[in-house]
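Colleague: Model the structure of this input:
(one chain, ligands or ions: 1)
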Amino acid sequence: MVASRRGSGSIVLPSGQTMAFHTRTHQEEDLPHATKKTMADHLRKYESLFTLTPQRMRMIVEAFKDTLELGLQKPKQIVPMIPTFVFGYPTAKEQGDFLALDLGGTNLRVCLVTLQGDGKFEMTQSKYRLTEEQKQDEGQKLFDFCAECLKTFIDTNYIDENGQTTLKEGEMLPLGFTFSYPCTQNRIDHGELIRWTKGFGAKNTEGRDVGEMFRKSLEKYNVPVVMTALINDTTGTLIASHYVNPRTKIAVIFGTGCNAAYMENVRDIEKIKDLGIDDKAQMAINCEWGAFDSFEHEHLPRTKYDATVDEQSNKPGEQAFEKLISGRYLGEILRLVICELIDEGVLFLGQNTYKLETPYCFETAFLSLMESDPTDELLMIIGIFTHFFAVETTLAERQFFRALATLIGRRAARLSACGIAAIVSRMNYLDEGCLVGADGSLYNKYPGFADRVHEGLVDIFGDKGRNIITHHAEDGSGVGSAVIAAMTKIRRDAGLYPNV
Ligand code: GLC
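Modeller: Purely as a prediction, here's the structure:
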């Protein structure tokens, strides 16, 4: 972060690139720039487009509640409300060593988690960055890559001082596989991929059982692992956060994608009535709420920039809610506004703006950096625009960009509050209050994101909204996955619902 208000320095961006910044004492006078007043006029226009009133938010919450209910009643709904076969919360006494594999939006992670009971754990992990090519290639190859990484991890972590394996002959290690895409499950170790999200498009995977595909890869590479549970990151986050803090009742991921999970009463999950599960049992639901308002676009306040993001995505019409909120899209929304103002001749007249014309070149991390720029002259913003896009900006323009980032970031947080509020009212958590375990780069790195979610909750519920508090969650895809693998083993050993 910038330490002084003037001078030069450098910062390291989340992408690993280093960015230098420097203070300039005068503006470039030889370039035509928009006046302060013009920028203020434009800002007013965007304010009205991106601002959500409390009344509008309450309407969204109502529609959201109906959608959640519908997804629980019937299979194959747009918001699928997926029963996960994770029965109830952990006791925090779960113990043992578990492997966790996490195929997220950006990385593949392999973890060895030692659950020590009492909500305590230890973890060792390795991370591998996924390439764009892997995301679009044959699905089976993606699972082969997972199996290979897992094998390397086991070979390096399960050895003694003499380099000999510590595994017993024929020993199979239990593993929780966090696969954070919508999968219909009819057992905990099975999952039919409904559709790829977050820009993935690996071939021959949609409609197939990814659990089975993964098992095939494990066999191919002879990996001594048995996949105990297939888990969504939100479900993992719910369980991991509850493991360390039992007041957690809802989990939300604000990362490349956006989604939530919570614990539902089995008697209220109409669509699994025929499975014969005890009415008094509870089961975690992976909402897949990113799909809210997909295709129909009836409830969400979409601007033309949102419509463009959607049309140009690899999945037009889908993930309508997610496309207004998640880290994958916010930078792109801001870029589209800037491009419109360039086309209208308002911004960067006489400058070469080709670098800004590449889709997705404007990272969401830039919005965070712009909002957190502590300098009067907005040096960080100068740095972003000169270093990455080779354009000169005036102070009025930079103030405008920062205000625009605030509008887009705040809208994302307030829409998220609507989703949380829908679950809170459905489950009647408002009076007693609850914690919401939250994770993902947007929540963890975007300045003020959590505060804006909280403000949104107060706008929806009034003062009682303060009873709902988000907090940084435990690592759901690692720890949560291990706890779920442990819970499943205990359930299976006890012979409870052995078929699921
Ligand atoms: C996308 C996925 C969902 C995941 C979320 C957060 O919405 O569809 O399964 O939980 O991203 O990673």
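Colleague: Quick check: end-to-end length of stretch 241-248?
Modeller: One end of stretch 241-248 sits 6 Å from the other (C-alpha to C-alpha, to the nearest Å).
Colleague: which outside residues touch that stretch?
Modeller: Residues from elsewhere that reach stretch 241-248 (C-beta atoms under 8 Å, 6 or more residues apart in numbering): 89-90, 92, 94, 119, 238, 249, 251, 434-437, 471, 473-474, 476, 479-480, 483. In this view, the C-beta of every residue, glycine as well, is placed from N, C-alpha and C.
Colleague: Quick check, P182 in contact with I194.
Modeller: Yes - taking C-beta atoms under 8 Å as the definition, P182 is a contact partner of I194 at 4.3 Å.
Colleague: which one of these two has more residues nearby?
Modeller: More crowded of P182 and I194, by other C-beta atoms under 10 Å: P182, with 24 against 17.
Colleague: Whatever residue of the stretch 1-150 of the chain ends up closest to the ligand: helix or strand, and which one exactly?
Modeller: Residue of the stretch 1-150 of the chain nearest the ligand, by C-beta to the nearest ligand atom: G105 (5.8 Å). Of the helices and strands defined by DSSP states H and E, none includes G105.
Colleague: Which secondary structure state does the closest residue to it other than its chain neighbours sit in?
Modeller: Leaving aside its sequence neighbours, G105 sits nearest to T256 (C-beta to C-beta, 6 or more residues apart in numbering; 3.0 Å). Three-state assignment for T256 (DSSP: H, G, I helix; E, B strand; the rest coil): coil.
Colleague: show me what contacts E264?
Modeller: L72, Q282, M283, A284, I285, M427.
Colleague: how much space between the fifth one and the ligand?
Modeller: This points to I285. From I285 over to the ligand the distance is 12 Å, taken as C-beta to the nearest ligand atom, to the nearest Å.
Colleague: How about the last one?
Modeller: Here the distance between M427 and the ligand works out to 19 Å (C-beta to the nearest ligand atom).
Colleague: so how many other residues sit close to the residue of the stretch 1-150 of the chain closest to the ligand?
Modeller: Around G105 there are 22 other residues, counting by other C-beta under 10 Å.
Colleague: Look up how far F362 lies from it.
Modeller: To F362, G105 is 18 Å away according to C-beta to C-beta, to the nearest Å.
Colleague: got the end-to-end distance for stretch 439-451?
Modeller: 14 Å.
Colleague: ok now that stretch, how far from the chain's centre?
Modeller: From the chain centre to the centre of stretch 439-451 is a distance of 11 Å (C-alpha atoms, centre = their mean, to the nearest Å).
Colleague: what about the residue nearest to L347 when sequence neighbours are not counted, which helix or strand?
Modeller: Excluding its sequence neighbours, the residue lying closest to L347 (C-beta to C-beta, 6+ apart) is L341, at 4.4 Å. L341 is part of helix 327-343, with elements assigned from DSSP H and E.
Colleague: Residues contacting whatever helix or strand comes next after that helix, please?
Modeller: Sequence order places helix 364-372 as the next helix or strand after helix 327-343, per DSSP H and E. By C-beta under 8 Å, 6+ apart, the residues outside helix 364-372 that reach it are 1, 11, 13-15, 327-331, 334, 378, 380-381, 384, 388, 401-402, 405-406, 408-409, 441-442, 445-448.
Colleague: so who does the nearest residue to A450 once chain neighbours are set aside touch?
Modeller: The shortest distance from A450 to any non-neighbouring residue, by C-beta to C-beta, 6+ apart, is to T470 (5.4 Å). Residues in contact with T470, defined by C-beta under 8 Å, 6+ apart, are V252, I420, L435, V436, G437, A438, Y443, A450, V453, H454.
Colleague: Show the pLDDT at T470.
Modeller: T470 is assigned a predicted lDDT (pLDDT) of 98.
Colleague: Got the phi and psi for the residue in the stretch 151-300 of the chain positioned nearest to the ligand?
Modeller: Nearest residue of the stretch 151-300 of the chain to the ligand, counting by C-beta to the nearest ligand atom: G257, 2.0 Å away. With angles defined as degrees, to the nearest 10, G257 sits at phi -120, psi 180.
Colleague: which residues does it contact?
Modeller: Counted by C-beta under 8 Å, 6+ apart, G257 has contacts G105, S180, T197, K198, G290, Q319, E322, S326, R328.
Colleague: switch the cut-off to 6 Å
Modeller: G105, T197, K198, G290, E322, S326 (C-beta atoms under 6 Å, 6 or more residues apart in numbering).
Colleague: which of those are buried?
Modeller: Buried subset of the contacts of G257 (neighbour count, 16 or more other C-beta atoms under 10 Å): G105, T197, K198, G290, E322, S326.
Colleague: Now render the residues you listed as JSON lines, adding pLDDT.
Modeller: Formatted as JSON lines, the buried ones among the contacts of G257 follow (pLDDT from 0 to 100):
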{"residue": "G105", "pLDDT": "78"}
{"residue": "T197", "pLDDT": "93"}
{"residue": "K198", "pLDDT": "91"}
{"residue": "G290", "pLDDT": "98"}
{"residue": "E322", "pLDDT": "98"}
{"residue": "S326", "pLDDT": "96"}
